[in-house]
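Chemist: I would like to see how this sequence folds:
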Amino acid sequence: MNETHPRLSMQVLEQLPQDVLRPTYDRKQIKAGIVHLGIGAFHRAHQAVYTDEILQAGAQEWGIIGVSLRSPDTRDALAPQDGLYTITVRSAVHEQVRVIGSVVQLLVAPENPQTVMDALCEPEIKIVSLTITEKGYCYAPATGTLDETHADVVHDLQEHNHPRSALGFIVEALRRRRQAGVAPFTVLSCDNLPSNGETLKRVVTRFAALRDPELAEYIAAHVAFPSTMVDRIVPATTDADRSAIVDATGVIDAWPIMTEAFSQWVVEDHFTSGRPNWEMAGVTFVQDVSAFELMKLRLLNGSHSTIAYLGYLAGHETVSDVMAAEGFARFIREMMDEEISSTLPKLPDFDLDHYKDQLIERFRNSSLKHRTWQIAMDGSQKLPQRLLGTIRERLAEGQSIDRLSIGVAGWMRYATGWDEKGAAIDVRDPLVQEIQARIAGQKTAAELVAAYCSIEEIFPRDLAGNQVFRACVERALQSLLEIGAARSVAQFK
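Modeler: Residues are numbered from 1 along each chain as shown. Alright, predicted model coming up:
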């Protein structure tokens, strides 16, 4: 990257090539109405883009304060750029570069939790949204309940004024707003959790109850937690992506975002203190998001995880590489058709076959370098909602789970930490130490499945003790151990 190029900022905005889209609104007039916890790549490719659209339309009161709960990396990248960043929308035949200006301030919670708390308590803040990944909710994925032994939960129940977790910040801010006579904000989860709004409300109110039962009752009665469904594929940014932005714009962006053309956001229309007119930007507001959410979690996310584990084991770096390999596209489409679709509720006027066609094409998009290793992260948190819920329903109906079981076995094989060539896998998972302790010394498929199924945080007892489930996963894992992922998929009938 040529450091002689200027850095992206308000000062150089008008110098960008004409084909680069940019904010046309006066950013100095924008007021913050949203605090977003977890300002990572997905938020900047999704919710921040929708919000940028309404700012373009004149809604000046909905700027975003982005908060990093762990690392200062996003702040360090974007603060010198006045909060601006580029997003490149990549299809198979076209690219469009756009500068997003909806992020008006960037904070890092560990550096100054009080500044974050002050922002959350501002009366102008109407919405607190979250993309903190499944593990950020300090909950047990198998049950959806608060993990009361989680280190951050234990800390935040003692250190009210210096929280570490999103739950700690939200509950303390709501307490302070109530004490000051300020209306509560809406808490808007944008993570891939089952019934994400209900799940978030459950863990927040339980956390609050451990502090003050009266506060928990107030939150339950007066704070809205709408559920949402979010959908856009956002690969991790590479140095090649940064160089491409310099070539396209003539300026340096320390952290650009690459994404696909497809974007969807479905939101339950239940807000405590008002909301942006996001429907102008294409958001779908509904009374009940559960059917959309289940469709996306099981078809897209379930397929994505299966692609990631089996594809990584087969030696493929990206999703599009996996889909180009023998048998994979057929296997994934058959898993959608034969084992997932029957578990989904009917959506009036929704063409499910067309949606599945779109998913296959999105997975095949070779312009998106979406790494299988990236998708494979945090599998213990993702598996219950992406695959195990579907499996439980299929078993209850006496239906086959053969393909879904290969996805689960793929995660088990991946989480051993060794690939098919004997090389170490960098397994990123909050339960990685417990997983390694449970499977230590286990060699056979039966031994490994028994060890994994003893982890109740992932496999609830009813499923772990189901002999049909155990037998199917053992058979799939045995195939992966004996002939590998590529042949197991290619030979599947």
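Chemist: for the residue nearest to residue 479 when sequence neighbours are not counted, helix, strand, or coil?
Modeler: Leaving out its chain neighbours, the residue that sits closest to residue 479 by C-beta to C-beta, 6 or more residues apart in numbering is residue 488, at 4.4 Å. The C-beta positions use only the backbone N, C-alpha and C, and glycine is treated the same way. Classification of residue 488 using DSSP: H, G, I helix; E, B strand; the rest coil returns helix.
Chemist: tell me the contacts of residue 488?
Modeler: When contacts are counted by C-beta atoms under 8 Å, 6 or more residues apart in numbering, residue 488 touches 310, 406, 476, 479, 480.
Chemist: can you pick out the most distant pair from these?
Modeler: 310 and 479 (11.0 Å; C-beta to C-beta).
Chemist: so these two - more neighbours on which side?
Modeler: Taking other C-beta atoms under 10 Å, residue 310 and residue 479 do not tie; residue 310 has more neighbours (29 against 20).
Chemist: neighbours of residue 303, how many?
Modeler: By the measure other C-beta under 10 Å, the count of residues near residue 303 is 24.
Chemist: name the nearest residue to it, sequence neighbours excluded.
Modeler: Closest to residue 303 by C-beta to C-beta, 6+ apart is residue 332, at 5.2 Å.
Chemist: buried ones in the helix or strand where that neighbour lies?
Modeler: Secondary structure assignment for residue 332, by DSSP states H and E: helix 328-334. Residues 328, 329, 331, 332, 333 are the ones in helix 328-334 that count as buried (16 or more other C-beta atoms under 10 Å).
Chemist: does the first one touch residue 489 like I think?
Modeler: Pointing back at residue 328 there. Yes - between residue 328 and residue 489 a contact is recorded at 5.7 Å, counting by C-beta atoms under 8 Å.
Chemist: please identify every residue contacting each of those two.
Modeler: residue 310.
Chemist: surely residue 86 and residue 257 touch.
Modeler: Yes - at 7.1 Å, residue 86 counts as touching residue 257 under the criterion of C-beta under 8 Å.
Chemist: what's the lowest-mean-pLDDT helix or strand in the chain in contact with?
Modeler: Ranked by mean pLDDT, DSSP states H and E, the helix or strand of the chain with the weakest confidence is strand 139-140, at a mean of 90. With C-beta under 8 Å, 6+ apart as the test, strand 139-140 has contacts from 145, 146, 147, 199, 203, 457.
Chemist: list the strands paired with it, with their directions.
Modeler: strand 145-146 (antiparallel) (DSSP bridges).
Chemist: where do the strands of the stretch 101-250 of the chain begin and end?
Modeler: Using DSSP state E, counting those that start in this stretch, the strands of the stretch 101-250 of the chain run over 103-108, 127-130, 139-140, 145-146, 186-189, 228-231.
Chemist: I meant the stretch 251-400 of the chain, not that one.
Modeler: For the stretch 251-400 of the chain, the strands defined by DSSP E, counting those that start in this stretch cover 257-259, 264-268, 284-286.
Chemist: deepest-packed of these, please.
Modeler: Highest mean neighbour count among those (mean count of other C-beta atoms under 10 Å): strand 257-259, with a mean of 25.
Chemist: average pLDDT for that strand?
Modeler: Per-residue pLDDT over strand 257-259 has a mean of 97.
Chemist: that older thread, give the contact list for the residue nearest to residue 303.
Modeler: Residues in contact with residue 332 (C-beta under 8 Å, 6+ apart) are 303, 306, 307, 323, 360, 363.
Chemist: surely the first one and residue 356 touch.
Modeler: Going back to what we said before, that points to residue 303. No - judged on C-beta under 8 Å, residue 303 makes no contact with residue 356 at a distance of 9.1 Å.
Chemist: mutual contacts of the two, please.
Modeler: Contact with both residue 303 and residue 356 is made by residues residue 336, according to C-beta under 8 Å, 6+ apart.
Chemist: residues of stretch 262-279 that come out buried?
Modeler: 263, 264, 265, 266, 267, 268, 271, 272, 273, 275, 276, 278.
Chemist: repeat for stretch 368-381
Modeler: For stretch 368-381, by 16+ other C-beta under 10 Å, it's 368-373, 375-381.
Chemist: equivalent analysis for stretch 469-478, please.
Modeler: Under 16+ other C-beta under 10 Å, the buried positions of stretch 469-478 are 469, 470, 472, 473, 474, 476, 477, 478.
Chemist: what sits up against that stretch?
Modeler: Stretch 469-478 is contacted by residues 391, 395, 401-402, 405-406, 408-410, 412-413, 445-446, 448-450, 453, 463-464, 488 when judged by C-beta under 8 Å, 6+ apart.
Chemist: what sits closest to residue 328 if chain neighbours are left out?
Modeler: residue 322 (5.2 Å).
Chemist: what of residue 103?
Modeler: Spatial nearest neighbour of residue 103, chain neighbours left out: residue 83 (4.3 Å); criterion: C-beta to C-beta, 6+ apart.
Chemist: and what of residue 432?
Modeler: Of all residues not flanking residue 432 in the chain, residue 415 sits nearest, at 7.6 Å (C-beta to C-beta, 6+ apart).
Chemist: gap between that neighbour and residue 274?
Modeler: Counting by C-beta to C-beta, to the nearest Å, the gap from residue 415 to residue 274 is 44 Å.
Chemist: so where's the protein shaky on pLDDT?
Modeler: The chain contains residues with pLDDT under 70 at 1-3.
Chemist: returning to what we had before: ok, which of the strands of the stretch 251-400 of the chain comes nearest residue 187?
Modeler: Across the strands of the stretch 251-400 of the chain, residue 187 has its closest neighbour in strand 264-268 (12.2 Å, C-beta to C-beta).
Chemist: just checking: what are the partner strands of the closest one?
Modeler: Strands that pair with strand 264-268, judged by DSSP bridges, come out as strand 228-231 (antiparallel), strand 284-286 (parallel).
Chemist: can I get those in TSV with distance to residue 103?
Modeler: Conversion of the strands paired with strand 264-268 to TSV gives the following (distance: least, C-beta to C-beta, whole Å):
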stretch	distance to residue 103
strand 228-231	17
strand 284-286	23
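Chemist: where does residue 429 sit: helix, strand or coil?
Modeler: Assigned state for residue 429: coil (three-state reduction, three-state DSSP).
Chemist: show me what contacts it?
Modeler: Neighbour list for residue 429: 377, 378, 379, 380, 381, 415, 435 [criterion: C-beta under 8 Å, 6+ apart].
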